[in-house]
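Participant: Please find the sequence and the predicted model below.
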Amino acid sequence: MEGNKDEAIKCLSIAQKYRDAGNLPSARKFCQKSINLFSTPEAAKLLGSIEAAEASGSSSSSAGSGPSTSNGNAQASSSSTETHPSASGAKHRATGSANGTAGGMGGEKREFTAEQLNVVKRVKACKVTEYYEILSVKKDCEEAEIKKAYRKLALALHPDKNGAPGADEAFKMVSKAFQVLSDSQKRAIYDQSGSDPESRSGGMSPRGPGFSASPFGGEGEMSPEDLFNMFFGGGGMTMNGGFGGSPFGGGPVFTASFGPGGFRTTRMRTNMGGARAQQQGEGAQGRSLFMQLLPLILLIAFSFLSTIPDIFSTSIPDPRYSFSPSTRFNTERHTSGLGIKYHVNEHEFKNHRQIAADIAGGAHRRGSALSRFEGQVEQVYTSNLYGDCQRAVERRQRRRDAEIGFFGVGTDWEKVKAIDGEKIDSCEELKRLGLIKS
């Protein structure tokens, strides 16, 4: 893939340095790594030269051994092996066998020291559920001591640093022990039962036994490598033995599950672009949510803007009025439209700023305050008349129906005619105003 091209070039550069230094196995490993990431003609050419150099070196070593003497065999064995200085100063020869944990990935040989081998043996001598013994801590120790012990053992047993036989399994055991003891709930269950809390029926994950929960929060299976990266701040280990971010855009990772069936390991590659893609997805989701809420936001904004004139307006309430005269409503007036008589308080009416200005003008302008006020008076007056007229007509009809009775037997039709001829004042007023027909 094009995204791995830069990492492939870096691997190719490292392979060339190892070849120039005479370290052909390491040169071949990094050259193969470069081809796996992004195949280039230069990498293929370099791999061919490395293999040719290895074949040439093997042939010359066989030719120089001569007769099969004990001295010659010792020299040939010495020339076909490579010694590696360890971190503690001790040296351990890597055997020519590609079998066993020390063989590493693809059969390449990995170095280890006697001290690293002793750590592996001590951890593997413990049972898989003897978590306190695996971390070499007391049962009543604090969480800080557990983290300190895990830090020390994880650095010593990480497969990229320790090539001793069984280092992978020991590293997984340490990771499992830390994951249980660093979780207060799991630790309490383990202290009571003495067994793996995740293998109990009440604590098993739906996906089967394994790392069902993370001590850093969140549910889901966590591999020893993921736990190591999270504990040490995310980065992982580089292929050349150092710590920090991998320069190859995601290296091999071993995930593991623990349970009654033992260890189950899976080799996979991490996608270093996942975090970047997740961030881009979250940004797109946020923009999509904003676009969905945009119509609602605009509606609220327009509603608020429409209320601003009412908030800052200084309108004066209309004067009060009555259709009957009284000491308070002592001034009689008539509307300009229907000529409805109404009464107002003279002082209040003349002191109304807008209406007083219209009266001083001497004419009723359409849309003026006085015209609007009298329109409300006429509306209230006619509405009352309509209501009174309708109720009176209904009462008259009920009286007529009661007088007629069933089938008109024994009805006084003169009385019925008198009822029909009764006048209703509210209805007559509406007729006078021209609002209903005669």
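Facilitator: Looks like it arrived, so ask away.

Participant: quick one: low-confidence parts of the stretch 201-350 of the chain?
Facilitator: The stretch 201-350 of the chain contains residues with pLDDT under 70 at 201-223, 229-283, 309-315.

Participant: one more time with 80, if that's ok
Facilitator: Applying pLDDT under 80 to the stretch 201-350 of the chain flags residues 201-287, 306-316.

Participant: Name the helix or strand for S303, please.
Facilitator: Using DSSP states H and E, S303 sits within helix 274-312.

Participant: residues making contact with the helix or strand just after that helix?
Facilitator: Toward the C-terminus, helix 274-312 is succeeded by strand 321-322 as the next helix or strand (DSSP H and E). The contact list for strand 321-322, computed with CB atoms under 8 Å, 6 or more residues apart in numbering, reads R328, F329, Y342, H343, V344, V377. All C-beta spots, glycine's among them, are computed from the backbone N, C-alpha and C.

Participant: If we use 10 Å, what do you get?
Facilitator: Residues from elsewhere that reach strand 321-322 (CB atoms under 10 Å, 6 or more residues apart in numbering): 328-329, 331, 333, 342-345, 348-349, 373-374, 376-377, 380.

Participant: For R398, state which of those residues is nearest.
Facilitator: Ranked by distance to R398 (CB to CB), the contacts of strand 321-322 are led by V380 at 28.0 Å.

Participant: Verify the contact between the closest one and R320 for me.
Facilitator: No. With contact defined as CB atoms under 10 Å, V380 does not reach R320; the gap is 12.0 Å.

Participant: In helices only, show me the contacts of strand 321-322.
Facilitator: The members of those that map onto helices under DSSP state H are E348, F349, F373, E374, Q376, V377, V380.

Participant: Could you report the distance from the second one to Y381?
Facilitator: Okay, so that is F349. 17 Å (CB to CB, to the nearest Å).

Participant: Those two: which has the busier surroundings?
Facilitator: Using other CB atoms under 10 Å as the criterion, F349 and Y381 rank with F349 on top: 21 against 18.

Participant: which one is that one nearest to, not counting chain neighbours?
Facilitator: Excluding the flanking residues, the one nearest F349 by CB to CB, 6 or more residues apart in numbering is P319, at 5.0 Å.

Participant: residues touching the one you found, list them.
Facilitator: Neighbouring residues of P319 by CB under 10 Å, 6+ apart: F329, V344, N345, H347, E348, F349, K350, N351, H352, I355, F373.

Participant: how about 7 Å then?
Facilitator: V344, N345, E348, F349, H352, I355 (CB atoms under 7 Å, 6 or more residues apart in numbering).

Participant: Also H343?
Facilitator: So H343 contacts Y321, S322, S324, P325, F329, T331, E332 (CB under 7 Å, 6+ apart).

Participant: My guess is S336 contacts E374. True?
Facilitator: Yes. Counting by CB atoms under 7 Å, S336 does reach E374; the two are 6.1 Å apart.

Participant: Tell me which of these two has more neighbours.
Facilitator: More neighbours surround E374 than the other of S336 and E374, with 22 against 14 (other CB under 10 Å).

Participant: From what I see, the more buried one and R333 are in contact.
Facilitator: No. Assessed by CB under 7 Å, E374 is found out of contact with R333, at 8.2 Å.
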